[in-house]
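Undergrad: my questions are about this predicted structure, shown below with the sequence.
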Protein chains: 2
Amino acid sequence: MSKKLTSRADDYSKWYNELVVKADMAENSAVRGCMVIKPYGFAIWEKIQAELDRMFKETGHQNAYFPLFVPKSLFEAEEKNAEGFAKECAIVTHYRLQNDPDNKGKLRVDPEAKLEEELVVRPTSEAIIWNTYKGWIQSYRDLPILVNQWANVVRWEMRTRLFLRTAEFLWQEGHTAHATETEAIKEAELMNNVYATFVENFMAIPVIKGIKTESERFAGAVETYCIEALMQDGKALQAGTSHFLGQNFAKAFDVKFANKDGKQDYVWATSWGVSTRLMGALIMTHSDDNGLVLPPSLAPNQVVIVPIYKSEEQLEAISKLVNIIMDELRSKGISVKYDDRNTLRPGAKFAQHELQGVPLRISIGPKDLENGTVELARRDTLTKEVISVDNLTSKVVALMEEIQNSLYSKALQFRDNHITEVDDFDTFKQVLESKGGFISAHWDGTEETELKIKELTKATIRCIPIDSKEEKGTCVYSGNPSKQRVLFAKAY
Amino acid sequence: MSKKLTSRADDYSKWYNELVVKADMAENSAVRGCMVIKPYGFAIWEKIQAELDRMFKETGHQNAYFPLFVPKSLFEAEEKNAEGFAKECAIVTHYRLQNDPDNKGKLRVDPEAKLEEELVVRPTSEAIIWNTYKGWIQSYRDLPILVNQWANVVRWEMRTRLFLRTAEFLWQEGHTAHATETEAIKEAELMNNVYATFVENFMAIPVIKGIKTESERFAGAVETYCIEALMQDGKALQAGTSHFLGQNFAKAFDVKFANKDGKQDYVWATSWGVSTRLMGALIMTHSDDNGLVLPPSLAPNQVVIVPIYKSEEQLEAISKLVNIIMDELRSKGISVKYDDRNTLRPGAKFAQHELQGVPLRISIGPKDLENGTVELARRDTLTKEVISVDNLTSKVVALMEEIQNSLYSKALQFRDNHITEVDDFDTFKQVLESKGGFISAHWDGTEETELKIKELTKATIRCIPIDSKEEKGTCVYSGNPSKQRVLFAKAY
Ligand SMILES: [Zn+2]
Ligand SMILES: [Zn+2]
């Protein structure tokens, strides 16, 4: 293992980048803004995928797959959506390379292989999907359509960061079609709730459910529901969004259906997505200066066992015990890895597993064999204890749940300590700079004020919380009347 | 349901296209050559993915994800690989659209947003991956690297067909790095065997394992292993390939490692892949003029239950029994769907499930309730029988295995009946035209003869079978000496 990570206090952003690379999660690639997700990082993403996929299917959704490319004429059909994404698109214009006559051994774009119509690499798939749905929907009997797709998308962002903002990223995008407005709104809310449940229970990250203001809405949506999380540095991170799209896409692509009375109406739509950004939220919620901290539900290896030995006989005796322990743990559904590499010393192994966030480390040496004990080390609390090997399995099972819950509680406490009610703009600015986190403040409901506050402080309205109570007040910036508080924060 | 399918005898190719669309598996999209994989087709692909993924992990592989785009300079680094794919690439040249000043409401490519270096949408990922591996490999301790990726790739084919040949398709591509030639060859062979086992046991499609001739090899490979299947129309289909890449990519990307003696050497490589093409093989191996026939291991629903009723009370009584049946079947790991839609008559449901290849249909009417019976209908044999409801679960469990085996046997018999040993060129041409299938014939080993035969007959050498015995003979075309037979066929 190489030298220690930069500490969070020294440089949070550097700490994050180093952690991602040193924990073997991801790295930058030769393609500007695109990342390579390494096996360890991808194994965590696979756990996220599997659980979400299960939850989508449980709520009646099916997977499908739509083309990577969107012809320009379809892309521009829904005007607001097109406007929102046009500035950051990768565009395919040609379909062939040829030998470069001026440059032996090199290739160049064949000028004769120009596409008649340019293709946009999907930044999101509403356009291509609604153009497809047009052929699937004639009557109310064809509704609802409840479809999800796991896919890569491309948004040509200028400033990129591993997992948080990359030119290409992996995500899922649900696209549903409904006969009524009520049903579509219910679906958008349901999926925002599915996301909240998943992120809280599975990723141990507390979130606030809310709706976006008009200026922060998805391009083409009537309403955007979201879940907002808070990172350790006091910045917010939008962890998932679910959009009620009204009839905007149905109108843009002329998707009508015959209702029960035989009358033609436009179809109602939703879309919803989470992405590899969740990996960034995971890292920045739980990790510490020693590296990644993983909740057991997301850990590729929940337990690692390291043997401490001098002689081959000692290793053999330890390995014999380890095999029994592993069988028992696996029978309880716990994933466990035996790290018996002979190329690294125990200290180096400890450091690596700590860096990679393995929730529980068991080490066993000759003394332990004599005493019938093992040493347990918790990654989250960095505490160690020696316990009898007889109690090991039940102890580990209990610890898995305890660690999962403890990570959530810790994050919840931090988050709740970082929601500050503020009633004047000086305090607003001061809290934002000194303490960070969410600021709960009155807002007059105008885009003008929202943009002014953003310009002056870089804070945006993260959401209007769904469970917020009505409360008369005056806008923290304009002094105009307001009927509820909203949450401001600087955000990723 | 709409009218019947075109029969295979009338027009095999039309039958195939109609089946794919009417069984709701896939359809053409608005993007030339790209398909939409519909939920029913995608559910089958998910079963293929899940089982292969399990087999890859069992053989020590991990998943990762590499960028969609390959910068042109990396793409052209391995010359043969570049040459092989340059003519069918989608190329990104710009990263922004802007409002078209001449065309209100329309967008155009922003001429100022031209990329400095064009990006190729990956047709395969050796280049971007070996450029990445360069950073991962210093010493023999970093080897082997055993990585797989599930991804979309794009090859700008001119003639496309749903699943069989599409501009964008889904696949997995394994890319491994090894310290020795022997180990890399072993890996390439292992993965070809994994594919063979999967396709035979899980998809019930018999395959012949072989190696490709030089002209049919993957661009950049030293040796290409393959599995070849035979479709019902007598044409062969390459179902999977595994390549020993030698040190070609290591040399192109300068990937060296220090071996145990501290000496620098280039790394040895393999790559291997199967794609959504397997869906085409599945369809064309088992299906009939009534539609899709699915082996139970790949069926999204293995059993469907259709109630036959006139009154609401009858439906209620049937549904009560069905719930008990479903619980029992599910407890045995069988997937079952109750089709109680009130918008379709039983006959229409039967036709749909037949078209979609559900292996077993159970229907229950009022008479059955009285008699304690149900009617079972097998999709593969189109046979029906009435059995006691008491024996249902054990019967269904047994039938799942029987159907799976029977489909394999039937396909194997057909395949074996369509391997014809031929010793002169007139017979070669005659068998190819009248009977089709594989022709086992002597070949003099030259590319000249191979290409001449292809030109004259459209048949190519599908493979040199791995288990073929040495046998002295004379080339079926040139009369020159040959030491073994190879397999010729027309192919998809
Ligand atoms: Zn604080
Ligand atoms: Zn025949």
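TA: Right, received. Where do you want to start? Ligands and ions are numbered 1, 2, ... in the order given.
Undergrad: buried sites along stretch A:328-336?
TA: For stretch A:328-336, the neighbour count (16 or more other C-beta atoms under 10 Å in any protein chain shown) marks A:E328, A:L329, A:I334, A:V336 as buried. No exception for glycine: its C-beta is placed from N, CA and C like everyone else's.
Undergrad: closest one of those residues to chain B?
TA: Chain B lies nearest to A:V336 out of the buried residues of stretch A:328-336, by C-beta to the nearest C-beta, at 15.8 Å.
Undergrad: just the buried residues of stretch A:328-336 now: which is nearest B:A23?
TA: Proximity to B:A23 was ranked across the buried residues of stretch A:328-336 by C-beta to C-beta; first place goes to A:I334, at 42.0 Å.
Undergrad: quick check: closest non-adjacent residue to the closest one.
TA: A:Q302 (5.3 Å; C-beta to C-beta, 6 or more residues apart in numbering or on different chains).
Undergrad: also A:M231?
TA: Closest residue to A:M231 apart from its sequence neighbours, by C-beta to C-beta, 6+ apart: A:M284 at 4.1 Å.
Undergrad: state the mean pLDDT of the helix or strand hosting that neighbour.
TA: Taking DSSP states H and E as the definition, A:M284 sits inside helix A:277-286. The pLDDT scores in helix A:277-286 average 98.
Undergrad: which helices and strands sit right next to the helix or strand following that helix?
TA: Scanning forward in sequence from helix A:277-286 by DSSP H and E, the next helix or strand is strand A:303-307. Applying 3 or more C-beta pairs under 8 Å, 6 or more residues apart in numbering or on different chains; DSSP states H and E, one finds that strand A:303-307 contacts helix A:312-331, strand A:336-338, helix A:346-355, strand A:360-364.
Undergrad: for A:M326, which non-adjacent residue is spatially closest?
TA: Among residues not flanking A:M326 along the chain, A:V336 sits closest, at 5.2 Å (C-beta to C-beta, 6+ apart).
Undergrad: does that neighbour touch A:V304 like I think?
TA: Yes - A:V336 is within contact range of A:V304, at 7.2 Å (criterion: C-beta atoms under 8 Å).
Undergrad: state the pLDDT value of the residue nearest to A:T180 when sequence neighbours are not counted.
TA: What sits nearest to A:T180 in space, not counting adjacent residues and going by C-beta to C-beta, 6+ apart, is A:W268, at 6.3 Å. Per-residue pLDDT puts A:W268 at 98.
Undergrad: bridged to A:W268, which residues?
TA: Taking DSSP bridges as the rule, A:W268 bridges to A:H178.
Undergrad: what sits against the residue in the stretch 201-350 of chain A positioned nearest to chain B?
TA: Nearest residue of the stretch 201-350 of chain A to chain B (C-beta to the nearest C-beta) works out as A:T343 at 6.0 Å. Shown in contact with A:T343 (C-beta atoms under 8 Å, 6 or more residues apart in numbering or on different chains): B:R141.
Undergrad: tell me the SS of it?
TA: coil (DSSP: H, G, I helix; E, B strand; the rest coil).
Undergrad: and it, how close does it get to B:K260?
TA: 12 Å (C-beta to C-beta, to the nearest Å).
Undergrad: again, but for A:L412
TA: Applying C-beta to C-beta, one obtains 51 Å for the distance of A:L412 from B:K260.
Undergrad: same question for A:E312.
TA: 20 Å.
Undergrad: now for the residue nearest to A:M231: which residues touch it?
TA: Applying C-beta under 8 Å, 6+ apart to A:M284 gives the contacts A:Y16, A:M231, A:Q232, A:D233, A:L237.
Undergrad: okay, now the residue nearest to A:I334: neighbour count?
TA: Each residue near A:Q302 was counted by other C-beta atoms under 10 Å in any protein chain shown, and the total is 23.
Undergrad: that one reaches A:K337, doesn't it?
TA: No - in this structure A:Q302 lies outside contact range of A:K337 using C-beta under 8 Å: 9.0 Å.
Undergrad: doesn't A:Q49 fall inside a helix?
TA: Yes - assignment of A:Q49 by three-state DSSP places it within a helix.
Undergrad: go ahead and confirm it touches A:W150.
TA: Yes - between A:Q49 and A:W150 there is a contact at 6.8 Å, judged by C-beta under 8 Å.
Undergrad: which one of those two has more residues nearby?
TA: Taking other C-beta under 10 Å, A:Q49 and A:W150 do not tie; A:W150 has more neighbours (18 against 15).
Undergrad: not counting sequence-adjacent ones, nearest residue to that one?
TA: Distances taken as C-beta to C-beta, 6+ apart place A:Q172 nearest to A:W150, at 5.0 Å, with adjacent residues excluded.
Undergrad: do A:V20 as well
TA: A:V20 sits nearest to A:L162 (C-beta to C-beta, 6+ apart), 4.7 Å away.
Undergrad: how many other residues sit next to the one you found?
TA: A:L162 has 23 neighbours, counted by other C-beta under 10 Å.
Undergrad: just for chain A, where's the confidence low?
TA: Scanning chain A for pLDDT under 70 picks out A:1-3.
Undergrad: one more time with 50, if that's ok
TA: A:1 (pLDDT under 50).
Undergrad: spatially central residue for it, please.
TA: In chain A, the residue lying closest to the centroid (C-alpha atoms, centre = their mean) is A:L278, at 1.5 Å.
Undergrad: tally of neighbours for A:M25?
TA: With other C-beta under 10 Å as criterion, A:M25 counts 26.
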